[in-house]
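S.K.: fold the following.
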Amino acid sequence: MDIKHWIYFGCHRQVGHYLFLPGMRPRYDRQLDKLTHFDGKLPPQGDATPYVAAVSRLGGWGLSALAFWDYSVDNRGGSNSVFYAPSLTITPEELMAGAKQHFPEVWARLPEVRLAVAPPLAGNPPSALGA
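M.R.: Sure, this is the predicted structure:
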């Protein structure tokens with residue numbers, strides 16, 4: 001799949017997770033709707049601490065995702081926000097900066113969001129998640 005734009009998945013002004021393009025334009029597309037299957041699967045697992053972002057690389061989609069538990073609109077368990085960038089090589093810091101740039105309406109409501117640091121894999125030196 002060749003996606004060339006940034007996408008936000010999460011709540012906006014009301015409870016419920018939806019896909020949005022920059023400008024908070026709702027996006028309904030059969031192919032993109034498959035991104036909703038990642039709901040709750042991309043934020044850090046095993047720790048529901050809000051606003052700690054994990055980075056995932058979705059090779060088959062050509063996207064990188066910045067995801068965290070987000071209770072700023074919906075305070076029920078499992079509420080999360082995901083920002084998809086059309087790049088597999090974007091750094092975690094660039095991903096966060098781009099999400100802020102493309103979706104300022106979302107970031108305006110959030111407290112500080114920080115990047116999670118991945119535990120090192122056996123035999124590999126420590127590094128930032130997604131680096």
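S.K.: which stretches of this protein have low pLDDT?
M.R.: 1-2, 118-131 (pLDDT under 70).
S.K.: do a quick rundown of the strands in it.
M.R.: Using DSSP state E, the strands of the chain run over residues 7-10, 18-21, 25-26, 52-58, 63-69, 80-85, 114-115.
S.K.: give me the residues contacting the first one.
M.R.: It refers to strand 7-10. Strand 7-10 is touched from outside by 17-21, 24, 27, 32, 35-36, 38-39, 63, 70, 73, 79-84, 99, 102-103, 106, with contacts defined as CB atoms under 8 Å, 6 or more residues apart in numbering. Every C-beta, even on glycine, is put in place using the N, C-alpha and C of the backbone.
S.K.: again, but for stretch 82-94
M.R.: With contacts defined as CB under 8 Å, 6+ apart, stretch 82-94 is touched by 3-10, 35, 38-39, 42-43, 53, 55, 57-59, 61-67, 95, 98-99, 102-103, 115, 128-131.
S.K.: if we go to 7 Å?
M.R.: With CB atoms under 7 Å, 6 or more residues apart in numbering as the test, stretch 82-94 has contacts from 3-10, 35, 38, 42, 55, 57, 59, 62-67, 95, 98-99, 103, 115, 128-131.
S.K.: nearest the geometric middle of the protein, what residue?
M.R.: By CA atoms, centre = their mean, the chain has its centre lying nearest to Val82, at 2.4 Å.
S.K.: run a quick neighbour tally on Asp23.
M.R.: Just so we're on the same page, residue 23 is Gly rather than Asp. Neighbour count of Gly23, defined by other CB atoms under 10 Å: 9.
S.K.: ok, now the one 3 residues further on?
M.R.: By other CB under 10 Å, the residues close to Pro26 number 9.
S.K.: can you get me the start-to-end distance on stretch 42-59?
M.R.: 14 Å (CA to CA, to the nearest Å).
S.K.: stretch 48-65 too?
M.R.: Stretch 48-65 has an end-to-end distance of 18 Å (CA to CA).
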